[in-house]
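Engineer: Predicted structure and sequence below. I'll ask about it afterward.
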Amino acid sequence: MSTQHLTVSSARLADLLRPATTATAVLPAAARPGPGGTPAYRALAERIRALVLDGRLPLTARLPAERGLADRLGVSRTTVAAAYDLLRTDGYLISRRGSGSWTALPTHHPEPPTRALVPTTLTGTIDLAVAALPGPGRHLHRAVADAADALPAYTAAHGYHPAGLPLLRETIAERYTRRGAPTTPDQIIVTSGALSAWVLVLRTLLHPGDRVAVESPTYANALEAIRAQGGRTVPVPMGEHGWDLPAWHDALRAAGPRAAYLIPDYQNPTGHLADPDTRRTLIDLARSTGTTLVADETCADLALDVPRLPHPDHPAPMAAHDRSGTVVTIGSAGKSFWGGLRIGWIRGTPDLVRRLVSTRAGLDVAAPVLDQLVLHYLIADHADAILDERLPGIRDARDHLAGLLRTHLPDWTFHTPPGGLSLWAHTDSLSTTVLAEAAGRHGLRVAPGTLFGTTGAFERHLRLPYTLDQATLTEAVRRLAIAAAETGRTRTDAVLAPAFTGCVA
Ligand SMILES: Cc1ncc(COP(=O)(O)O)c(C=O)c1O
């Protein structure tokens, strides 16, 4: 996937280098000798290297000139020059005489993992690569029965509804209206899942080579879809506490992307929830650069620590803050109810919906009638009961997983997300590409962090869903800890094309 090159100013880099706890503009951690008497240039190189590996500095970003950064950090130019030299030697920086230095990742391969320390005796693979729940049992059966009863009213006609079944469009529109974003049925098109919805939006709005800004990290398949559509990603690093608005400002201003893809509710994979001010700021920014802001609200129902929608204490959908027609919303039954239904939708202006319908003729024409009827009954008759029943269990599973990680992998760090279905863990120094391979040998499927970035970042991150029952999670973390011990402290300054195959959701 081709990627837009961003320029990082010395002020911005100084900001990123500042330790989270330091309120001043100086950079003691980067500029002074590091722990154990590490020379200052080495400490600075190490901090920049960590920013690249963690995706906070996008790849192929142009770094500031040595003198400017030295002035900003209050260190000598020699220190910055030596740090850049070291980064170049290690493969984290590529420089061209007269035109600057860009961030990069080394291309050599990690050392192979050591042999297993503890043999695994249990059988049966545990899948921790998919963050999705099983179907909602009796509610789903009831909705299927009601849909089957209603079907004869539809079978007299041809059954092709390119914009979606009118009944379901109405049900979805009403749901938005109740959530503070007044919506009419002609603003909704029903799709075959949220991913199809994103593909349809891309096909309709994007010309080959257009730029699309994305959170970094983000939902892996959304990146695949941009690549398939010939788009160029502009990765905007997520901050430690959520959306880094100055970085979004710089990225949208510099790149003027056609579209921005955001997951404001329990962001996949970090779990962050955008507050109303962040939502408004992002919309204003996108409007001012002529960027269509696509909000993927697939995870919006999964509130664990705040009251769920619609509630005044839960941020309203992006569309509720939009006065300018900047926002296009994607939704899905996949996380709230069941991924196996394969039904999602797009909310936009009636005009956009007409354009989407016409693009769709070359894709899948329409979604299945029976499945749309099932979703109608699920939303109309069961949504509250399903969410009331499942959210407390998900919250307990999240806390259980967090406790297991603290006990068995105490070096790993993560923040506890206020909702969603997964934790985004930092493995300290473990390569998750290697770890995923080791875990596979112990019957555990995990998705390495690199899948959630554009070009190899997030090697030291792992997304861990808490969608399995607690006993299975306990066994999963036991296997994970074995795989982690086996992987050992493999050097992570190297990147492999992920050998990972199969479904990630
Ligand atoms: C943010 C996000 N969007 C979209 C999807 C895909 O949804 P669907 O199964 O409806 O295609 C997922 C599933 O993992 C997701 O996490």
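Structural biologist: That came through, no problem.

Engineer: which stretches of the stretch 301-450 of the chain form helices?
Structural biologist: Under the criterion DSSP state H, counting those that start in this stretch, helices of the stretch 301-450 of the chain are mapped to 350-360, 369-377, 383-408, 432-441.

Engineer: just checking, what packs against the first one?
Structural biologist: Helix 350-360 is packed against strand 188-191, helix 194-205, with contacts defined by 3 or more C-beta pairs under 8 Å, 6 or more residues apart in numbering; DSSP states H and E. Bear in mind the C-beta positions are built from the backbone N, C-alpha and C, glycine included.

Engineer: Work out the gap between the first one and the centre of the chain.
Structural biologist: It stands for strand 188-191. Offset of strand 188-191 from its chain centre (C-alpha atoms, centre = their mean, to the nearest Å): 23 Å.

Engineer: Enumerate residues external to that strand that contact any of its residues.
Structural biologist: Strand 188-191 is contacted by residues 161-165, 168-169, 172-173, 197, 200, 343-348, 353, 356-357, 360, 367, 372 when judged by C-beta atoms under 8 Å, 6 or more residues apart in numbering.

Engineer: Walk me through which strands that strand pairs with, and which way each runs.
Structural biologist: strand 344-347 (antiparallel) (DSSP bridges).

Engineer: List the contacts of the strand it pairs with.
Structural biologist: With C-beta under 8 Å, 6+ apart, strand 344-347 has contacts from 164, 172-173, 176, 181, 183, 187-197, 200-201, 298, 319, 328-334, 353, 356.

Engineer: could you check whether it is close to the ligand?
Structural biologist: Yes: for strand 344-347 and the ligand, the contact criterion (C-beta under 6 Å from any ligand atom) is met by residue 344.

Engineer: Next: stretch 166-175.
Structural biologist: No: judged by C-beta under 6 Å from any ligand atom, stretch 166-175 and the ligand are separated, with a smallest distance of 13.4 Å.

Engineer: contacting residues around the longest strand seen in the chain?
Structural biologist: Here the longest strand in the chain is taken by residue count, with DSSP state E as the criterion, and it is strand 232-239. Residues from elsewhere that reach strand 232-239, judged by C-beta under 8 Å, 6+ apart: 1-4, 6, 55-59, 209-217, 223, 226-227, 244, 247-248, 251, 255, 257, 267, 270, 272, 453-454, 457.

Engineer: Let me know the next secondary structure element after it.
Structural biologist: Next helix or strand after strand 232-239 toward the C-terminus (DSSP states H and E): strand 242-243.

Engineer: Helix, strand, or coil at the residue nearest to residue 231 when sequence neighbours are not counted?
Structural biologist: Excluding its sequence neighbours, the residue lying closest to residue 231 (C-beta to C-beta, 6 or more residues apart in numbering) is residue 212, at 4.7 Å. Using DSSP: H, G, I helix; E, B strand; the rest coil, the structure places residue 212 in strand.

Engineer: what about stretch 128-140, distance to the chain center?
Structural biologist: Distance, stretch centre to chain centre, for stretch 128-140: 20 Å (C-alpha atoms, centre = their mean).

Engineer: Pull up the distance across that stretch, start to finish.
Structural biologist: Length of stretch 128-140, first residue to last, C-alpha to C-alpha, to the nearest Å: 24 Å.

Engineer: tell me the domain boundaries of the protein?
Structural biologist: Under automatic domain parsing, the residue ranges defining each domain of the chain are 10-103, 150-382.

Engineer: Which positions in the stretch 201-350 of the chain make contact with the ligand?
Structural biologist: 219, 263, 268, 296, 298, 299, 332, 334, 339, 344.

Engineer: Repeat the analysis, applying 5 Å as the threshold.
Structural biologist: Contact residues, the stretch 201-350 of the chain versus the ligand (C-beta under 5 Å from any ligand atom): 219, 263, 268, 296, 298, 332, 334, 339, 344.

Engineer: what's the burial count for residue 146?
Structural biologist: The number of residues packed near residue 146 is 18, by other C-beta atoms under 10 Å.

Engineer: Can you name the residues that contact the residue nearest to residue 231?
Structural biologist: Contacts of residue 212 (C-beta under 8 Å, 6+ apart): 202, 206, 226, 231, 232, 233, 234, 257, 258, 259, 260, 261.

Engineer: Relative to the ligand, which of those is nearest.
Structural biologist: Nearest to the ligand out of the contacts of residue 212 is residue 261 (C-beta to the nearest ligand atom; 9.3 Å).
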